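[1] Sequence first, then the predicted structure, then my questions.
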Amino acid sequence: MDMINGYDYVDLGLPSGTLWASYDIGATKVGEFGDFFMWGEVEPKDPDGDWNDDDHKYIIDDEFVKYNDRDKKRILDPEDDAATVLWGKDWKIPSYTDWRELMMFCELGLKENSIVFVGPNGNELRFPKYLYEVYEDSDFSCSWWSSELDESDDDVVYFYVDKDKDEDPECDVLTCHRACLIPIRAVSKIRADLNYVLPDEDETEEESTDDTYEEPSSSSFSINNEDKAGYDTPKENVSDSSSKKFEDNYSRKNTYIKDGYEKEKTSSLSYILFAIAILMLMFAFFNL
């Protein structure tokens, strides 16, 4: 197994070079269920426990005290990224674009009771299936956090895989409240091309089998397995109109695969320019 900071990863041969963790945070091996987190928190919560929105560390009196209209933050800081805090600086929660690249360049399927994404190089990334009993035709529906808020509101982007009976599995990105409990699958950029930009979807139409998906018909779901029984999470703001607005925002943005990391790159460049300016001032001073 290939490892980063002691955690297994899969190289799918993606154009960006992004590496995906082999299992969720809180799990120890492929196929094992991981922990559940509120967005922006680094300590997991018991999905069967007694919790509500006000239990989120950045929600006070129903108001967001960070990642709000005042600080203009839309992407998790490293100290609020559970992947970075728990697995080390080489791991991060996937951005919207990371999930979108996975959908565009990998083949989605099922194998040995797992959700499987087969990369361009033939390697497989597996996710555990969460089983639900919400609507009659559902086989499973499961979700994983992204690192960023939707640009149009205060909800968080998340990725889901859904399957109705007698249908192929589908995947997409939607939004929900940041106090929902959702697992985390980490990514690493240590070998990534940080300047890579995803092509428009019509440019990869022939390569991708999962560009267009229908939204699941359920508005809530409950995990029904021995490890995570009884968990209920609302899928909020997923009407046709809100979903279209979300897609339009990100279609115009066409962000770097390095979403959430530009800040680090800009910060490093600023330090370099500042050091050069200091050296030039010192040179001018000593030559007076």
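    Done, it's in.
[2] ranges for the helices of this structure?
    With DSSP state H as the criterion, the chain has helices at 82-87, 96-105, 240-253, 262-286.
[3] contact partners of the shortest one?
    Residues lying outside helix 82-87 but in contact with it, judged by Cβ atoms under 8 Å, 6 or more residues apart in numbering, are 5, 7, 21, 25, 37, 41-42, 44, 78-79, 91-93, 184, 186-187. In short, each C-beta sits where N, CA and C put it, glycine included.
[4] between the helices of the chain, which has the poorest average model confidence?
    Among the helices of the chain, helix 240-253 carries the lowest mean pLDDT, at a mean of 35.
[5] Show the buried residues in the contacts of helix 82-87.
    7, 21, 25, 37, 41-42, 44, 91-93, 184, 186-187 (16 or more other Cβ atoms under 10 Å).
[6] Check these and tell me the two furthest apart.
    Spanning the widest gap among the buried ones among the contacts of helix 82-87 are Tyr7 and Glu41, at 19.7 Å by Cβ to Cβ.
[7] Counting neighbours, what do you get for Glu201?
    Glu201 has 15 neighbouring residues, counting by other Cβ atoms under 10 Å.
[8] Go ahead and confirm it touches Met104.
    Yes: applying Cβ atoms under 8 Å, one finds Glu201 in contact with Met104, separated by 6.7 Å.
[9] Out of the contacts of helix 82-87, name the ones that lie in strands.
    Members of the contacts of helix 82-87 lying in strands (criterion: DSSP state E): 7, 21, 187.
[10] Which pLDDT value does the model give the second one?
    Going back to what we said before, that points to Ala21. So Ala21 comes in at 98 (pLDDT).
[11] What sits closest to it if chain neighbours are left out?
    Ala186 (4.3 Å; Cβ to Cβ, 6 or more residues apart in numbering).
[12] Listing request: residues of this protein with sub-threshold pLDDT.
    1, 131-136, 202-275, 288 (pLDDT under 70).
[13] what's the residue closest to the geometric middle of it?
    The centroid of the chain falls nearest to Ser146 when counting by Cα atoms, centre = their mean (2.4 Å).
[14] Tell me which residues touch that one, please.
    Ser146 touches 93-96, 98-99, 156-159, 173, counting by Cβ under 8 Å, 6+ apart.
[15] Same list (these) but as TSV, adding distance to Asp48.
    Output for these, formatted as TSV (distance: Cβ to Cβ, whole Å):
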residue	distance to Asp48
Ile93	23
Pro94	26
Ser95	30
Tyr96	29
Asp98	30
Trp99	27
Val156	22
Val157	26
Tyr158	20
Phe159	23
Val173	27
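[16] Now the two most distant members of those.
    Top of the distance list for those (Cβ to Cβ): Asp98 and Val156, 14.4 Å.
[17] Go ahead and confirm Cys176 touches Asp154.
    No: Cys176 is not in contact with Asp154 according to Cβ under 8 Å; the separation is 10.9 Å.
[18] neighbour count winner among these two?
    Taking other Cβ under 10 Å, Cys176 and Asp154 do not tie; Cys176 has more neighbours (22 against 14).
[19] Quick check: beta-bridge partners of that one?
    Note on Cys176: beta-bridge partners by DSSP bridges are Val156.
[20] One more: Lys163?
    Bridge pairing for Lys163 (DSSP bridges) gives the partners Phe140.
[21] how far away is it from Thr175?
    According to Cβ to Cβ, to the nearest Å, Lys163 stands 21 Å off from Thr175.
[22] if we can go back for a sec, who touches the residue nearest to Ala21 in this structure?
    Counting by Cβ under 8 Å, 6+ apart, Ala186 touches 7, 20-21, 25, 83, 87, 91-94.
[23] redo that, cut-off 10 Å
    The neighbours of Ala186, taking Cβ atoms under 10 Å, 6 or more residues apart in numbering as the test, are 4, 7, 9, 19-25, 34, 81-84, 86-88, 90-94, 144.
[24] Narrow the residues you listed to those that are buried.
    Among the contacts of Ala186, those classed as buried by 16+ other Cβ under 10 Å are 4, 7, 9, 19-25, 34, 81-84, 86-87, 90-94, 144.
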